[in-house]
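Asker: Fold the following, please.
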Amino acid sequence: MLAYDVSVWKRGDRLAAAQARLEEIKTEFSACAAPHTHELVRIKETEAMLLAADLILKASVMRTESRMSHFREDFDARDDKAWLQWIDIRDYKGAPRLSKTPIPTPFLSAGEPANRNVQRVVRGAA
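Answerer: Take a look at the predicted model:
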């Protein structure tokens, strides 16, 4: 997950290769056993890291645009119309289910050109 070509500069084929490698690691890891409590803690920590890596990769594959620190070489432009949204991950029968939720934009609708004269009012500000 720390390789620059998966964590920083993403592309679909490299993300798929990382997912395949992660599945291999998860298979190898499933054979591990804890001889004592200290090792059980390490196993549980590793399980959490594998789950986090899996969810990050799935979300990275799903988001087909570049936005902030998420750079997709195969989708190099920001796409507010389709992707001004959060990716939500929920458990569904023991497997992650990804969905999108639009980000509320009270000052500007997605796809609308920015109006340079918009002023934000902050209560309590002088």
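
Asker: make it CA atoms for all contacts and neighbour counts henceforth
Answerer: Fine.

Asker: which helix is the longest one in the protein?
Answerer: Determined from DSSP state H, the single longest helix within the chain is helix 37-62.

Asker: Tell me which helix or strand in this structure has the weakest average pLDDT.
Answerer: helix 4-7 (a mean of 86; mean pLDDT, DSSP states H and E).

Asker: Before we go further, P106 is sitting in a strand, right?
Answerer: No - counting by DSSP: H, G, I helix; E, B strand; the rest coil, P106 falls outside a strand, being coil.

Asker: And the least confident helix or strand of the chain, what does it pack against?
Answerer: helix 12-29 (3 or more Cα pairs under 8 Å, 6 or more residues apart in numbering; DSSP states H and E).

Asker: can you pull the buried residues of the helix it packs on?
Answerer: Neighbour-count burial for helix 12-29, counted by 16 or more other Cα atoms under 10 Å, picks out G12, L15, A18, Q19, L22, K26.

Asker: how far away is A59 from P96?
Answerer: Relative to P96, A59 is positioned 10 Å away (Cα to Cα, to the nearest Å).

Asker: Quickly list what's touching both of those two.
Answerer: With contacts defined as Cα atoms under 8 Å, 6 or more residues apart in numbering, no residue is shared by A59 and P96.

Asker: tell me the mean pLDDT over stretch 75-95?
Answerer: Mean pLDDT, stretch 75-95: 93.

Asker: what's it in contact with?
Answerer: By Cα under 8 Å, 6+ apart, stretch 75-95 touches 55, 59, 63-67, 96-103, 110-111.

Asker: Could you export it as PDB, CA atoms only?
Answerer: The C-alpha trace of stretch 75-95 is given here as PDB (Å, rounded to 0.1, in the frame of the first residue of the first chain):
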ATOM      1  CA  PHE A  75      -8.700   9.500 -15.100                       C
ATOM      2  CA  ASP A  76      -6.600  12.600 -14.800                       C
ATOM      3  CA  ALA A  77      -9.400  15.300 -14.500                       C
ATOM      4  CA  ARG A  78     -11.700  16.300 -11.700                       C
ATOM      5  CA  ASP A  79     -15.300  15.400 -12.400                       C
ATOM      6  CA  ASP A  80     -17.700  17.300 -10.100                       C
ATOM      7  CA  LYS A  81     -20.800  16.300 -12.000                       C
ATOM      8  CA  ALA A  82     -20.200  12.600 -11.300                       C
ATOM      9  CA  TRP A  83     -17.900  12.700  -8.300                       C
ATOM     10  CA  LEU A  84     -18.700  15.600  -6.000                       C
ATOM     11  CA  GLN A  85     -19.600  12.700  -3.700                       C
ATOM     12  CA  TRP A  86     -18.300  10.700  -0.700                       C
ATOM     13  CA  ILE A  87     -17.700   7.000  -1.100                       C
ATOM     14  CA  ASP A  88     -19.500   5.200   1.700                       C
ATOM     15  CA  ILE A  89     -18.500   1.700   2.800                       C
ATOM     16  CA  ARG A  90     -20.900  -0.500   4.700                       C
ATOM     17  CA  ASP A  91     -20.900  -4.100   5.800                       C
ATOM     18  CA  TYR A  92     -23.400  -6.200   3.700                       C
ATOM     19  CA  LYS A  93     -23.600  -9.800   4.800                       C
ATOM     20  CA  GLY A  94     -19.900  -9.800   5.800                       C
ATOM     21  CA  ALA A  95     -18.600  -8.100   2.700                       C
END
